[in-house]
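[1] Generate coordinates for the sequence data below:
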Amino acid sequence: MIELDSEQQAAREWFESLRDRICAEFEAIERDAGSESRFAFTEWEREDEDGSPGGGGVRGLMKGKVFEKVGVNVSTVGGRFNPDFARTVHGAEEDPSFFATGISLVAHMANPHVPAVHMNTRFLCTTKRWFGGGADLNPPIPYEEDTADFHARLRAACAAHDPTYYPRFSQWAEDYFFIPHRGVHRGVGGIFYDHLEGFFDANFAFTREVGEAFLDVYPKLVRRRMETPFTEEDKARQLEWRGRYAEFNLVYDRGTLFGLKTGGNVDAILMSLPPLATWE
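    Numbering: from 1, shown residues only. Take a look at the predicted model:
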């Protein structure tokens with residue numbers, strides 16, 4: 001195990017508690033749909049390049065009637081970045097030592113009318129300390145009502161901490177979750193933030209608010225759409241859209257790159273990929 005200071009331990013415990021509550025809510029949705037599906041949890045450990053303990057994490061995966069594939073991962077890792085990669089990380093240019101803890105979630109839904117979703121929040125320490133993350137909605141078949149409710153809940157979470165957060169972070173999501181080679185966004189947006197540093201208590205409080213906002217709004221959207229009838233054309237549209245999602249995560253996503261560059265668990269890193277997709 002790696003040693004954690006009080007801030008690192010507080011962040012880790014929060015991410016783990018959020019994971020537990022999200023998984024319980026998702027399992028409750030499955031029960032309401034008549035399914036007995038549950039999360040399967042797999043622990044993994046990481047070694048740093050010199051063989052010293054580098055932390056690890058727990059990968060949670062469920063395949064059910066409503067959630068065709070959903071992963072909820074928490075990892076807590078530390079060690080030293082590869083020097084080339086260190087030059088790309090905030091605060092690691094001169095000293096490649098790092099610590100990172102966070103939660104990462106991606107849900108791909110059985111019904112194409114239910115929006116897929118991504119949520120990630122994290123705490124990183126190099127020579128600097130910062131929080132980052134966000135949440136974004138990825139519907140194959142968008143509904144204006146769902147988009148409005150998702151954004152309204154994130155807007156409220158941001159407003160409770162800083163009136164500039166939602167305009168800044170929603171625009172950041174618009175810019176970040178874009179597939180340049182396709183010329184399209186991968187979803188209907190949300191918020192994305194990074195390098196939120198300098199005031200641990202305030203930034204940690206905001207990051208917790210983002211997690212609570214997600215847990216509040218997303219299950220409501222799932223319950224709203226999960227019994228909507230769908231056609232073969234709807235399913236084909238979903239599978240084609242999933243191909244775009246996979247392209248973004250493999251080519252542009254920072255979290256995927258960070259996990260692979262730091263020796264993370266490959267299955268946990270790539271759990272964001274959909275179970276089925278098509279490229280026509």
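[2] How about K65, nearest residue that isn't a chain neighbour?
    S35 (3.9 Å; CB to CB, 6 or more residues apart in numbering). For the C-beta atoms, the positions are set from N, CA and C on the backbone; glycine is no exception.
[3] Was I right to think that neighbour contacts E68?
    No: using CB atoms under 8 Å, S35 is not in contact with E68, being 11.4 Å away.
[4] For these two, indicate the residue with more neighbours.
    E68 (19 against 16; other CB atoms under 10 Å).
[5] Please name the residues that touch that one.
    Applying CB atoms under 8 Å, 6 or more residues apart in numbering to E68 gives the contacts H108, M109, A110, P275, L276.
[6] Is it possible to mark the buried ones in those residues?
    Those of these that meet the buried threshold are H108, M109, A110, by 16 or more other CB atoms under 10 Å.
[7] tell me the contacts of the first one?
    Contacts here follow CB under 8 Å, 6+ apart; on that basis H108 touches F67, E68, K69, V70, A116, R242, P274, P275.
[8] now the second one: how far from T42?
    Distance of E68 to T42, given as CB to CB, to the nearest Å: 19 Å.
[9] just the helices in this structure please.
    6-32, 83-86, 144-159, 165-176, 200-225, 232-251, 254-261, 266-269 (DSSP state H).
[10] Tell me which residues of the second one come out buried.
    Looking back up the chat, that one is helix 83-86. F85, A86.
[11] again, but for the fifth one
    Residues of helix 200-225 classed as buried: 200, 203-204, 206-211, 213-214, 217-218, 221-222, 224-225 (neighbour count, 16+ other CB under 10 Å).
[12] any idea how far Y218 is from the closest residue to E212 other than its chain neighbours?
    Excluding its sequence neighbours, the residue lying closest to E212 (CB to CB, 6+ apart) is A157, at 7.3 Å. A157 sits 13 Å away from Y218, going by CB to CB.
[13] I29 now?
    10 Å.
[14] quick one on the thing from earlier: quick check, pLDDT for the residue nearest to E212.
    Looking at A157, its pLDDT is 98.
[15] wait, isn't it in contact with E209?
    Yes: between A157 and E209 there is a contact under CB under 8 Å: 4.5 Å.
[16] which pair in the contacts of E68 spans the largest distance?
    With distances taken as CB to CB, the most widely separated pair in the contacts of E68 is M109 and L276, at 11.9 Å.
[17] For the stretch 51-200 of the chain, which residues score under the pLDDT cut-off?
    51-53 (pLDDT under 70).
[18] That one: strands as residue ranges?
    Using DSSP state E, counting those that start in this stretch, the strands of the stretch 51-200 of the chain run over 53-62, 67-80, 97-109, 116-125, 129-138, 178-179, 184-185, 189-197.
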